[in-house]
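Chemist: Mind looking at a prediction? Sequence and model below.
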Amino acid sequence: MRLTKQEGPKNIQHHQRAKFYLLPQAEFSASKSGDLWTNWTQARIVGGSMAAPNEFPWMAMLFYQNLTTFTSISYCAGSLINNRYVLTAAHCVHDLPGDLILKKVRFGEHNISTNPDCNIRRTYCAPRHVEINVESIILHSQLNKSPRKRFENDIALVRLKIPIRYTKEIRPICIEGHYNIPANATFLIAGWGKTEDRSRSEVLMRTTIQNRRPQVCMGEFTNVDFDPRSQICAGGLDGNDTCSGDSGAPLMMFIGHGFDQVVYQVAFRHE
């Protein structure tokens with residue numbers, strides 16, 4: 001794998017040779033017709049329920065530092081794919097608004113208001129979350145910035161400064177690169193984004209959304225190009241959807257049956 005530096009921030013690089021099987025599948029927060037999986041506006045888990053603690057041990061929270069106020073915020077997510085890399089959307093790490101820079105990644109999180117996370121009676125507490133600084137960012141070499149194609153190849157890898165140690169609460173997601181997604185597929189989504197009352201959820205939320213026909217997103221999002229060869233149209237049914245804060249998080253589905261059933265990442269969300 002050969003990397004070349006991009007003009008601008010020194011820690012951002014372009015990916016030249018790697019084969020990205022997870023093409024820009026991000027979702028627009030469209031509550032009626034469907035979600036094109038790619039976007040930088042607002043995304044939240046709407047109509048979802050609270051996830052079980054560490055139900056999705058690959059979930060990662062991206063934290064940014066404001067260089068003016070030195071405050072730390074999180075508004076994107078990602079998924080751990082091995083002990084050194086997190087997969088997310090390129091718009092979560094590139095051309096950031098204001099004075100923000102991506103600083104660190106948090107793993108093993110469930111409730112952002114407590115650390116550690118414990119049950120009501122505090123008879124059990126999960127291990128404390130883990131935060132690791134970012135070493136570099138790798139952008140897809142064919143990331144397209146034109147207005148109509150800005151969600152094509154909207155993919156980035158975040159390289160951690162040190163490898164993370166796998167535990168029961170922190171494990172990578174499986175990636176399926178050659179799977180034909182059924183037309184009636186049901187996907188899993190999770191995130192800490194805004195909920196129905198437009199406040200950010202302190203607890204990881206989860207829900208399911210349905211695969212939709214490409215024509216739904218083609219008709220809904222006329223200001224951008226939709227390519228069914230590399231994008232998925234999903235959501236917008238039964239009041240279940242995503243909103244801001246969920247961008248870059250995985251679009252997941254079960255593959256297999258019985259004890260062989262595994263959660264795979266088939267795409268990721270763009271808001």
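Modeler: Looks like it arrived, so ask away.

Chemist: OK, contacts around the residue lying closest to P172 once chain neighbours are set aside?
Modeler: In space, not counting the residues next to it along the chain, P172 is nearest to L80; the distance is 4.8 Å by CB to CB, 6 or more residues apart in numbering. Using the backbone N, CA and C atoms, a C-beta is placed for each residue, glycine as well. L80 sits next to 57-60, 86, 107, 164, 170-173 when contact means CB atoms under 8 Å, 6 or more residues apart in numbering.

Chemist: where does V86 land in three-state SS?
Modeler: Three-state secondary structure (criterion: DSSP: H, G, I helix; E, B strand; the rest coil) places V86 in strand.

Chemist: What's the separation between W192 and T114?
Modeler: W192 sits 13 Å away from T114, taking CB to CB, to the nearest Å as the criterion.

Chemist: correction: H91
Modeler: 30 Å.

Chemist: Those two: who's more crowded?
Modeler: In this view H91 and T114 are compared by other CB atoms under 10 Å, and H91 has more residues nearby, 23 against 15.

Chemist: Am I right that that one is in contact with E152?
Modeler: No - H91 sits out of contact with E152 when judged by CB atoms under 8 Å, with a separation of 11.7 Å.

Chemist: Neighbour count added to the contacts of L80, as CSV?
Modeler: CSV is the format used below for the contacts of L80 (neighbours: other CB atoms under 10 Å):
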residue, neighbour count
P57, 17
W58, 21
M59, 26
A60, 29
V86, 28
F107, 23
I164, 21
I170, 21
R171, 17
P172, 18
I173, 21
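
Chemist: between those residues, which is closest to I255?
Modeler: Closest approach to I255 among the contacts of L80 (CB to CB): I173, at 11.9 Å.

Chemist: So what does that closest one have for phi and psi?
Modeler: When quoted as degrees, to the nearest 10, the phi and psi of I173 stand at phi -90, psi 150.

Chemist: All the helices of the stretch 1-150 of the chain, residue numbers only.
Modeler: Here the stretch 1-150 of the chain has no helices by DSSP state H, counting those that start in this stretch.

Chemist: Check the spacing between the residue nearest to P172 and N144 real quick.
Modeler: From L80 across to N144, the span is 26 Å (CB to CB).

Chemist: same question, N223
Modeler: Plainly put, N223 is 15 Å away from N144 if you go by CB to CB.

Chemist: for N133, same thing?
Modeler: Spatial separation of N133 from N144 under the definition CB to CB is 29 Å.

Chemist: Do you have the strands of the stretch 51-200 of the chain handy? List them.
Modeler: Secondary structure of the stretch 51-200 of the chain (DSSP state E, counting those that start in this stretch): strands at 59-66, 72-80, 85-88, 100-107, 130-140, 156-160, 174-175, 186-191.

Chemist: Dump those to CSV, plus mean pLDDT.
Modeler: Formatted as CSV, the entries for these read as follows, by pLDDT from 0 to 100:
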stretch, mean pLDDT
strand 59-66, 94
strand 72-80, 90
strand 85-88, 95
strand 100-107, 96
strand 130-140, 96
strand 156-160, 96
strand 174-175, 85
strand 186-191, 88
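
Chemist: of N223 and N144, who's got more company?
Modeler: Comparing N223 with N144 by neighbour count (other CB under 10 Å), the higher total belongs to N144, at 16 against 6.

Chemist: do you know how far that one is from L157?
Modeler: When distances are taken as CB to CB, N144 and L157 turn out to be 18 Å apart.

Chemist: try P147
Modeler: According to CB to CB, P147 and L157 sit 25 Å apart.

Chemist: neighbour-wise, which of these two wins?
Modeler: With other CB under 10 Å as the criterion, P147 and L157 differ in neighbour count, and L157 comes out ahead with 22 against 9.

Chemist: Just list the residues touching the more buried one, thanks.
Modeler: 15, 85-88, 137-138.
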